[in-house]
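Undergrad: Okay, sequence plus prediction incoming.
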Amino acid sequence: MEGRSVLPGFYDGIWVVRGGGAAAGWECRDGGTNGRRAEVEKGRLIAFEGIDGSGKSTQVRLFSERLGKEGIPVYATMEPTCLPIGSLIRRVLRGEIRMEPRVFAALFAADRLDHLLNEEDGIAAKVLEGITVVTDRYYFSSYAYHSVDMPMEQVIQANAMNRGILRPAVTVFIDVDPDTAMDRILQNRERQELFEKRSRLEEVRKKYFEAFDRLKGQENVVIVDGNRPPAEIADEIWEAAGGTAQM
Ligand code: ATM
């Protein structure tokens with residue numbers, strides 16, 4: 001089935017042994033599992049995407065809670081991760097370290113590989129166990145954000161191993177107007193991160209659509225209008241992706 005989670009060659013692939021650990025002073029959102037036993041052979045990966053200020057973190061929470069209430073074993077997570085590479089990425093985002101855009105893109109790809117395969121809470125193993133993993137950002141974030149500074153094809157290539165290991169059953173893109181996103185960012189955050197400038201948001205949004213177009217027929221993408229009340233958006237996401245997550 002197109003878009004189904006696949007783990008080809010997972011066991012003969014690379015097994016990266018890395019511990020977890022939150023970046024100091026950074027709130028790492030990790031919902032953990034709800035502790036229920038898996039009744040399905042395999043779980044699913046559901047990825048949430050959107051420009052900053054799209055409200056995707058709220059939707060990840062609402063969607064994961066709803067899955068949990070339905071009795072589906074669920075693990076909520078995010079990228080950049082709270083693992084060592086993710087912590088380094090956050091230092092770059094805070095402007096503490098400068099990094100050439102291609103190096104930064106490679107770092108995100110490496111963080112994603114660690115997210116998939118790390119020994120303690122690698123999500124590839126969780127999906128294999130039957131847990132549905134809901135992630136706040138996955139490889140489409142890389143395609144969109146980094147292709148502003150380098151050819152998208154190179155970003156896709158840099159993430160080829162990740163995509164080969166685990167493809168989302170569905171990618172939910174929460175589409176918001178960059179002005180609305182910018183207003184939300186300015187209201188909610190003390191510090192503006194590297195990408196949170198209006199023109200940048202506009203460019204990144206365009207790149208998301210370019211990536212969806214480029215991978216049409218290869219990825220299961222659902223686009224929802226994020227310029228509405230959160231509960232309304234959550235209902236639409238549930239209609240569109242709830243069934244896939246429970247299959
Ligand atoms: P969150 O705001 O969703 O925590 O993401 C942090 C930043 O990381 C976000 N931009 N800002 N500001 C998007 C950026 N990012 C990338 O540039 N590439 C990626 O692959 C991912 C997962 C995130």
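TA: Yep, it's here.

Undergrad: Quick one: the strands in the protein, in order.
TA: 32-33, 45-49, 74-78, 132-136, 170-175, 221-225 (DSSP state E).

Undergrad: Verify the contact between Pro101 and Asp149 for me.
TA: Yes. The pair Pro101 and Asp149 qualifies as a contact (Cβ atoms under 8 Å) at a distance of 3.9 Å. All C-beta spots, glycine's among them, are computed from the backbone N, C-alpha and C.

Undergrad: Would you mind measuring from the residue lying closest to Ala106 once chain neighbours are set aside to the ligand?
TA: Of all residues beyond its chain neighbours, the one nearest Ala106 is Ala158 (5.9 Å), with distances taken as Cβ to Cβ, 6 or more residues apart in numbering. Using Cβ to the nearest ligand atom, to the nearest Å, one gets 10 Å for the distance from Ala158 to the ligand.

Undergrad: go on, Leu83?
TA: Leu83 is 13 Å from the ligand, by Cβ to the nearest ligand atom.

Undergrad: Look at the nearest residue to that residue once chain neighbours are set aside and report its pLDDT.
TA: Closest residue to Leu83 apart from its sequence neighbours, by Cβ to Cβ, 6+ apart: Asp114 at 5.0 Å. Looking at Asp114, its pLDDT stands at 98.

Undergrad: separation between Asp114 and Ile89?
TA: Shown here: Asp114 relative to Ile89, a distance of 11 Å by Cβ to Cβ, to the nearest Å.

Undergrad: same check, this time on Arg137
TA: 11 Å.

Undergrad: which neighbours do those two share?
TA: Any residue near both Arg137 and Ile89 by Cβ atoms under 8 Å, 6 or more residues apart in numbering counts here, and that gives Pro80.

Undergrad: what residue is smack in the middle of this structure?
TA: Residue closest to the average C-alpha location in the chain (Cα atoms, centre = their mean): Arg137, at 1.6 Å.

Undergrad: Could you report the pLDDT at the nearest residue to it once chain neighbours are set aside?
TA: In space, and not counting its chain neighbours, Arg137 is closest to Glu79: 4.3 Å by Cβ to Cβ, 6+ apart. Listed pLDDT for Glu79 reads 98.

Undergrad: neighbours around the residue nearest to Ala106, how many?
TA: By the criterion of other Cβ atoms under 10 Å, Ala158 has 22 neighbours.

Undergrad: The one 10 residues further on too?
TA: Pro168 sits with 27 neighbouring residues when counted by other Cβ under 10 Å.

Undergrad: And for Arg66?
TA: Neighbour tally, Arg66, other Cβ under 10 Å: 17.

Undergrad: thinking again about what came up before, which residues touch the residue nearest to Arg137?
TA: Here Glu79 is in contact with 86, 108, 111-112, 115, 135-138, 141 (Cβ under 8 Å, 6+ apart).

Undergrad: So it versus the ligand, what's the distance?
TA: Distance from Glu79 to the ligand, counting by Cβ to the nearest ligand atom: 4 Å.

Undergrad: is the ligand contacted by stretch 168-175?
TA: No. Stretch 168-175 stays clear of the ligand (Cβ under 6 Å from any ligand atom), getting no nearer than 11.4 Å.

Undergrad: ok now that stretch, how far from the chain's centre?
TA: 9 Å (Cα atoms, centre = their mean, to the nearest Å).
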